[in-house]
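A.B. asks: curious how this folds, go ahead:
(2 chains)
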Amino acid sequence: MDREEILKTLKSPANWGQKYSLWAVYFCTGCGVVEIPPVITSRWDAERFGVLPMATPRQGNLFLITGYVSVKTLGAIIRTYDQMPDPKYVVGFGSCPVNGGMYWDSYNTIKHLDKYLPVDGWIAGCMPRPEAIFVAVVHLWQMIDKGIATGYERYKENYEFYEANQRRVLPHLPKFGGAETNEGPNG
Amino acid sequence: MSEEEIKNVIERGVESAAVTVQRAGRLVVTVPKAGAVAALILLKARGFEHLAAICCTDWLEDGQLELVYHLWSYTDRIHVMLSTRLPRTDPQTVTAMPVFQHAQTYEREIHEMYGVHFQGNPRLTPFLLDHWQGPPPMRRDFDTRNYVKESFGVEERVP
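C.D. replies: You can find the predicted model right below:
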């Protein structure tokens, strides 16, 4: 089989390769992460869907935001997202990243994740079942096939919008020239 | 020591302290803020070696903040709630660190969430919040919804 024949059966070999090699970044925000261990291990086995966890963001391309996002965590999320290579996909998991969920009037939790990062898909619910992650993954496959899972491109195109929102809540991030001087519990 | 003995010790040792025995193994001690550390020293010397928590309550109607030190004695199995009140405007008190060193963390959190200044605590630096600019968020007159609307840009829903 030569190269021309591959393109007869496969419209885009790159998309076909990408959609079956989703590496989910190990990043836990909030309570939604309790659903991740059964998803990636023997009970539901995400490897059937080509999803495996990755310990470092520089080798991952699927970012699951599992649960509420506090302001402090949003800084870490943005730093993680900026490190991930293209193409990268963000899925908001649970109702809290969608609109704040039960933390809708909390002083320390951001309400709409898509103001700060481009989100390719949402999983609503509190908590969503592990099956919902697989539904989301299958949706993401279809979006990759159609070429509409383009959050990383939207991020570059509308960077001024995202940057303004990020700067509004996190003016001290190193990428905005501020020093992260907040003292940690041991600092 | 029994509950009654502890009651006698505190009422004799700390000026204008009021002790009520709620039930077996549970005491509520109310002291003026100047006597709080004295009561802590007194209780620690009598076996109350575990400071489990320091709580803060905002009594907006009374214009006061209440600090509650939860103490537990392993030998007598008695829980003492040592309560003291501070004025809401410019609340200041003395740190409990010389008696219980781990009070530093509790005081640091109360300083951040309620704005209580603990004299003698060397590290009242930001703890859980990230570069917080507003007023102490756990005070009851802090308008959470307004703050959320302003800082996160949440739109009003038009029905």
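A.B. asks: how about the residue in chain B that chain A sits nearest to, what does it touch?
C.D. replies: In chain B, the residue that lies nearest chain A is B:D130 (4.1 Å; C-beta to the nearest C-beta). For glycine as for every other residue, the C-beta is placed from the backbone atoms N, C-alpha and C. Residues near B:D130 by C-beta atoms under 8 Å, 6 or more residues apart in numbering or on different chains: A:S70, A:V71, A:K72, A:G75, A:N108, A:L170, A:N182.
A.B. asks: confidence-wise, which of those comes last?
C.D. replies: Least confident of the contacts of B:D130 in the model: A:N182, at 53.
A.B. asks: about what we covered before: and the residue nearest to the residue of chain B closest to chain A when sequence neighbours are not counted, how many neighbours?
C.D. replies: Of all residues not flanking B:D130 in the chain, A:K72 sits nearest, at 4.1 Å (C-beta to C-beta, 6 or more residues apart in numbering or on different chains). A:K72 sits with 16 neighbouring residues when counted by other C-beta atoms under 10 Å in any protein chain shown.
A.B. asks: next, A:K72: secondary structure please.
C.D. replies: helix (DSSP: H, G, I helix; E, B strand; the rest coil).
A.B. asks: let me know the average pLDDT across stretch B:129-143.
C.D. replies: Rounded mean pLDDT across stretch B:129-143 is 87.
A.B. asks: then stretch B:112-120?
C.D. replies: The model assigns stretch B:112-120 a mean pLDDT of 93.
A.B. asks: and chain A, which of its residues are near chain B?
C.D. replies: A:70-72, A:75, A:100, A:104-108, A:110-112, A:115, A:165, A:168-172, A:182-183, A:185 (C-beta under 8 Å from any C-beta of the partner chain).
A.B. asks: I'd say B:T93 and B:P87 touch.
C.D. replies: No - here B:T93 does not reach B:P87: they are 10.4 Å apart, not a contact under C-beta atoms under 8 Å.
A.B. asks: what about the residues of chain A next to chain B, which are in helices?
C.D. replies: A:V71, A:K72, A:G75, A:N165, A:R168, A:V169 (DSSP state H).
A.B. asks: just these now: which is nearest A:S95?
C.D. replies: Closest approach between these and A:S95, by C-beta to C-beta: A:V71, at 18.5 Å.
A.B. asks: look at the spatially closest residue to that closest one that is not a sequence neighbour and give its secondary structure.
C.D. replies: Computed as C-beta to C-beta, 6+ apart, the closest residue to A:V71 that is not its neighbour in sequence is B:D130, at 4.9 Å. Here B:D130 is recorded as coil under three-state DSSP.
A.B. asks: what's the answer for B:A52, then?
C.D. replies: Relying on three-state DSSP, one would call B:A52 strand.
A.B. asks: tell me the contacts of it?
C.D. replies: Taking C-beta under 8 Å, 6+ apart as the test, what B:A52 contacts is B:H70, B:L71, B:W72.
A.B. asks: now the last one: how far from B:V80?
C.D. replies: By that I understand B:W72. Here the criterion is C-beta to C-beta, to the nearest Å. By it, B:W72 lies 8 Å from B:V80.
A.B. asks: which residues do those two both contact?
C.D. replies: By C-beta under 8 Å, 6+ apart, the residues touching both B:W72 and B:V80 are B:F48.
A.B. asks: with neighbour numbers in mind, choose between those two.
C.D. replies: Taking neighbours as other C-beta under 10 Å, B:W72 and B:V80 compare with B:V80 leading, 25 against 17.
A.B. asks: so that one makes contact with B:L71?
C.D. replies: Yes - between B:V80 and B:L71 there is a contact under C-beta under 8 Å: 4.4 Å.
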